[in-house]
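Take a look and give me a structure for this.
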Amino acid sequence: MNHLIKPLAVAIVAAFAVSAAPTVYAQGKDLKIALIAGKTGALEAYAKETETGFMMGLEYLTGGTMQINGRKIKVIVKDDQSKPDLSRTLLAEAYGDDKVDIAVGTTSSGSAIAMLPVAKEYKKVLIVEPAVADAITQEKWNKYIFRTARSSMQDALAAASTFKSGSVGFLAQDYAFGRDAIEAGKEALKTTGSKAVVVHEEYAPATTTDFTAPAQRLFDKLKDKPQPRVLQIVWAGPNPMNKIADMKPERFGIALAPGGNILPVMKTWKNFAGTEGTIYYYYAFPKNKMNDWLVAEHTKRFKMPPDMFTAGGMAAAGAVHAALSKAPNAKNGDELVAAMEGLSFDTPKGRMNFRKEDHQAIQPMYHFRIKKDQKHEWDLLELVREIPASELPLPVRNKR
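I've put the predicted structure just below:
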């Protein structure tokens, strides 16, 4: 992944002068926010995008003052290196030593799950962004947990809405993220009433570079099944679509259906014009003032449009700003929780709201097609349609 996204990471590092030590933005003793992200390791590009989006979101929402109701905002950024033990320690440090009013994080789902009991112990709010594991708002949830990020099931429901019939095979990474996503995918097909049948699942190590064997097994299982035949790829980091496409699945009438990815990865998909998939965010899709500002400002500052994790960071900033504006005098986490249940807030995707039952942000998704005629290096996708939240029947499973 790093070799594909290094230029983006370098640009963001240079712009914000990020150091290895925790970064503190603004001064003052007023509103304190902790942002915990995996800025070191395999997910560093995602983390740095989240940080960029979060800070730009606060800038936009405060009109550049970095104040809420006259109180200065102090953001303390901590790098958990995507290590669950360190994530727990840093969140406890933020709540206990730094006395933050609210925390946001983190990049890895495993690390985010490790943080959930800490929020409960300190009785303070944690907004989860960008981790997607369903367990965060299901069996591992507690009342101090809110999530602006989409869940694996929301991803799966969006993808399932595009599979009306036929045969589906899945390729995913062999760890919690991949297996969680495929379980969600199978359930989503049933939930949406799709007549498509899952005929095979393949799990490969996250470090896989040769996809010949798993792809061939998928081809063998799909090739004689009813049309349309779709190979759904769920992969974090450098997507294997190019390598699988080189094996010519079209020989067997098999179409590839990639999940959305970051821009430097999707930039390598230019040879697959017409291929369709679903995505959380693509800068050209939402039409609203917040996204217009984000696209214009990000392009001006970084010479490229904002990415999906940038939008996620800005969504988290929207939730923080709305929460602290609504309850500026909350004496404890319980009062802040009460203010945030059902809360609506602005994001680059439009208005979102935290569902009262499990505090998951309810939001639309996007069905895309890879463009044939790309006008510039980031002109990658065309919108097939926005999938409204009302068509994504996300189950409530937190056993509140």
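
From now on I want contacts and neighbour counts done on CA atoms only, so please keep to that.
OK.

just the helices in this protein please.
For the chain, applying DSSP state H gives helices covering 2-16, 44-61, 84-96, 109-122, 152-160, 176-191, 212-222, 241-245, 263-266, 289-302, 308-326, 333-340.

Now tabulate the ones you listed in JSON lines and tack on mean neighbour count and mean pLDDT.
Listed next are the helices of the chain as JSON lines, based on neighbours: other CA atoms under 10 Å; pLDDT from 0 to 100:
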{"stretch": "helix 2-16", "mean neighbour count": "15", "mean pLDDT": "39"}
{"stretch": "helix 44-61", "mean neighbour count": "25", "mean pLDDT": "97"}
{"stretch": "helix 84-96", "mean neighbour count": "19", "mean pLDDT": "98"}
{"stretch": "helix 109-122", "mean neighbour count": "21", "mean pLDDT": "97"}
{"stretch": "helix 152-160", "mean neighbour count": "26", "mean pLDDT": "93"}
{"stretch": "helix 176-191", "mean neighbour count": "20", "mean pLDDT": "89"}
{"stretch": "helix 212-222", "mean neighbour count": "17", "mean pLDDT": "97"}
{"stretch": "helix 241-245", "mean neighbour count": "16", "mean pLDDT": "91"}
{"stretch": "helix 263-266", "mean neighbour count": "19", "mean pLDDT": "93"}
{"stretch": "helix 289-302", "mean neighbour count": "16", "mean pLDDT": "98"}
{"stretch": "helix 308-326", "mean neighbour count": "25", "mean pLDDT": "98"}
{"stretch": "helix 333-340", "mean neighbour count": "19", "mean pLDDT": "97"}
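
For T278, find the nearest of those helices.
Evaluated over these, closeness to T278 peaks at helix 152-160, with 5.7 Å, by CA to CA.

Can you lay out the helices of the chain as a markdown table showing distance to Y281?
Below are the helices of the chain laid out as a markdown table (distance: least, CA to CA, whole Å):
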| stretch | distance to Y281 |
| --- | --- |
| helix 2-16 | 17 |
| helix 44-61 | 13 |
| helix 84-96 | 26 |
| helix 109-122 | 19 |
| helix 152-160 | 11 |
| helix 176-191 | 18 |
| helix 212-222 | 28 |
| helix 241-245 | 19 |
| helix 263-266 | 11 |
| helix 289-302 | 11 |
| helix 308-326 | 5 |
| helix 333-340 | 24 |
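
quick one: which of those helices is nearest K372?
Nearest of the helices of the chain (CA to CA): helix 263-266, 13.3 Å.

now the closest one, how far from the centre of its chain.
15 Å (CA atoms, centre = their mean, to the nearest Å).

Not counting stretch 382-397 itself, show me its contacts.
137-139, 153-154, 157-158, 191-192, 285, 357-358, 362-371 (CA atoms under 8 Å, 6 or more residues apart in numbering).

what does stretch 34-43 give?
Contacts for stretch 34-43 (CA under 8 Å, 6+ apart): 1-2, 44-48, 50-51, 75-83, 87, 90-91, 94, 100, 102-108.

Keeping just the C-alphas, turn it into PDB.
Output in PDB follows, covering the C-alpha atoms of stretch 34-43 (Å, rounded to 0.1, in the frame of the first residue of the first chain):
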ATOM      1  CA  ALA A  34      -8.400  13.800  21.400                       C
ATOM      2  CA  LEU A  35      -7.800  12.400  17.800                       C
ATOM      3  CA  ILE A  36      -6.300   9.000  17.900                       C
ATOM      4  CA  ALA A  37      -5.200   7.500  14.600                       C
ATOM      5  CA  GLY A  38      -2.800   4.800  13.200                       C
ATOM      6  CA  LYS A  39      -0.300   7.300  11.700                       C
ATOM      7  CA  THR A  40       2.500   4.800  11.800                       C
ATOM      8  CA  GLY A  41       2.200   1.400  10.000                       C
ATOM      9  CA  ALA A  42       0.200  -0.100   7.200                       C
ATOM     10  CA  LEU A  43      -2.800   2.200   7.600                       C
END
